[in-house]
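**Q** Here you go, sequence then predicted model.
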Amino acid sequence: MARTRRRGALALALGTCALAGLLAGCAGQESSGTPAQQVTTYMNDGGGGSGIGNVEIDSRNVALALSQHNKPDAIKEVCALLSNDAQTAIGNLPTPDNQLTDALNAAYMEATAAGDDCYNGAGGNARLLARSAAERAKLVTLLDAAVQLVTDVTGKTPTTETTVPPSGNGDPFAGGQ
């Protein structure tokens, strides 16, 4: 009986160790390697570059729709896309670098606010549209700062391309220096 218990305990311990090893392997590459390697992996596999690029493009599309005096429904559509893409990008956080996480979170929160104010002001509320414009201007500065952090950590300027897959076997810095 004692021998059976020891075998059961041993089997349980081995199973627990195997499960822990399996779960550690699932942690992802962004949690291993140098800080530069971790951020590179995040930018490539974690949606970092495309998240930044989507929000940048959406913000420019909002400005274009407003400057062309598009109908309120068309303006609402691009504003909603800005908010939605910003929320999707927030879902890709955290990054492997706390400072980068904070910078991107601030930018994406600003993008969400800009999209929401734009959406709610699309019917002609000049105050909300002006606030959205100020938030989008601040967004550009915040995204530039986040990209600079990536450059500082990795030594390369990331691409934020959203429509063409990065060249060089998925290298998120293919367009950078």
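**A** Thanks, I have it. Residues are numbered from 1 along each chain as shown.
**Q** pLDDT weak spots in this structure?
**A** Scanning the chain for pLDDT under 70 picks out the ranges 1-31, 162-177.
**Q** now the helices for it?
**A** Taking DSSP state H, the helices of the chain run over residues 2-25, 35-45, 48-67, 72-91, 98-121, 126-154, 167-170.
**Q** out of those, nearest to Thr160?
**A** Evaluated over the helices of the chain, closeness to Thr160 peaks at helix 48-67, with 3.5 Å, by Cβ to Cβ. From N, CA and C alone the C-beta is placed, and that goes for glycine too.
**Q** List of residues touching the closest one?
**A** Contacting residues not belonging to helix 48-67 are listed as 39, 42-43, 74-75, 78-79, 81-82, 85-86, 88-89, 92, 95, 104, 107-108, 111, 114-115, 118, 129, 132-133, 136, 139-140, 143, 146-147, 150, 158-162, 166, 172 [Cβ atoms under 8 Å, 6 or more residues apart in numbering].
**Q** Same check on stretch 76-94?
**A** The contact list for stretch 76-94 (Cβ under 8 Å, 6+ apart) reads 46-48, 51-52, 54-55, 58-59, 61-62, 65, 101, 104-105, 108-109, 111-112, 114-116, 118-119, 122, 132.
**Q** With mean neighbour count added, can I get the helices of the chain in CSV?
**A** Putting these into CSV (neighbours: other Cβ atoms under 10 Å) gives the following:
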stretch, mean neighbour count
helix 2-25, 9
helix 35-45, 21
helix 48-67, 21
helix 72-91, 18
helix 98-121, 21
helix 126-154, 18
helix 167-170, 9
